[in-house]
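Chemist: starting from these lines, generate the structure:
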Amino acid sequence: MSDTPVPILMYHSIAAAPNDATRELSVAPEAFAEQLALLGDLNFTPVNTAELAASWRSGKPLPERPVLITFDDGYEGVHRHALPALAQHGFASTLFVSTGWIRGDQDTGGGLDTMLDWDQVRELAGADVEIGGHSHTHPQLDQLDDDTLRTELVRCKEIVADELGAVPVSFAYPYGYSSGRVRQAVRETGFAQALAVGNDLARRRQGPYALRRVTVRRSTGVEEFARLVEGRAIARNFARDRALTQGYAMVRRARQVRRKASRSRV
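Modeler: The predicted structure follows:
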């Protein structure tokens, strides 16, 4: 079975005038449209997360030069700016929503900028956008106790199912962080696959609950974007990110050890 690497692009906000909280990880609408046009020129075929995972499970071949376009959190610009561009090119994509950030009855007020409402999410779902889960309140899942972790996952899944009439099958870890315990909880909640970050191409051998993505930022120029989707110079582009991630992982592990020690003394 083929283990050809597949680029999974991670977007957040698509906005002309993002606020300070989302600026670095936002992409200007014009830049996003240019990136989609480039994918078309390079003969990439966008598929959604469920399609990629199902293909790798079954051995069914993917289209030539597959690519995934994914959005995290649920910013309003995905509907305002990304949807028309995706529709123009006939491109599939996946949106991972933090259900407590979507405007509506379950809104916790934690959204970092103007967020989608559920009518907009339903419009996206009807326009070849797979809707996946991204937790309820967007916490660092590996820092939660078991009960809180389960609540975050179950509430997210149930709210999406209630609002859309379809159970979400794909998940993306907030901040890209997970652990064996978190991945097992995601699986037990009923999600069939999950995406991390990792800033690398996705490969079947990563397993369905740790597929890696490549971050697209406001600073990502079109030439850099072309290198990323072709899998060229990714390690160099994200060397600083990986160093920071490795350092922060050590801090996170130390926190977990301290918490376990504290609980054992109670």
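Chemist: low-confidence ranges, this protein, go.
Modeler: Across the chain, the ranges flagged by pLDDT under 70 are 1-2, 233, 235-266.
Chemist: and stretch 99-110, end to end?
Modeler: One end of stretch 99-110 to the other measures 10 Å (C-alpha to C-alpha, to the nearest Å).
Chemist: please state the offset of that stretch from the chain centre?
Modeler: Centroid separation for stretch 99-110 versus its chain: 18 Å, with C-alpha atoms, centre = their mean, to the nearest Å.
Chemist: strands of the stretch 101-250 of the chain, residue ranges please.
Modeler: Here the stretch 101-250 of the chain has its strands, by DSSP state E, counting those that start in this stretch, at 129-133, 170-172, 193-198, 211-215.
Chemist: output those in CSV; the columns should cover distance to Gly100.
Modeler: Heads up, the C-betas are built off the backbone N, CA and C, glycines and all. What follows is the strands of the stretch 101-250 of the chain, written out as CSV (distance: least, C-beta to C-beta, whole Å):
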stretch, distance to Gly100
strand 129-133, 12
strand 170-172, 15
strand 193-198, 19
strand 211-215, 22
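Chemist: possible to save those as JSON lines with mean neighbour count?
Modeler: Formatted as JSON lines, the strands of the stretch 101-250 of the chain follow (neighbours: other C-beta atoms under 10 Å):
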{"stretch": "strand 129-133", "mean neighbour count": "25"}
{"stretch": "strand 170-172", "mean neighbour count": "28"}
{"stretch": "strand 193-198", "mean neighbour count": "24"}
{"stretch": "strand 211-215", "mean neighbour count": "23"}
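Chemist: closest to Asp3 out of those strands?
Modeler: Asp3 sits nearest to strand 211-215 of all the strands of the stretch 101-250 of the chain, at 12.3 Å, using C-beta to C-beta.
Chemist: are there helices or strands packed against the closest one, and which ones?
Modeler: Under the contact criterion of 3 or more C-beta pairs under 8 Å, 6 or more residues apart in numbering; DSSP states H and E, strand 211-215 touches strand 8-11, strand 193-198.
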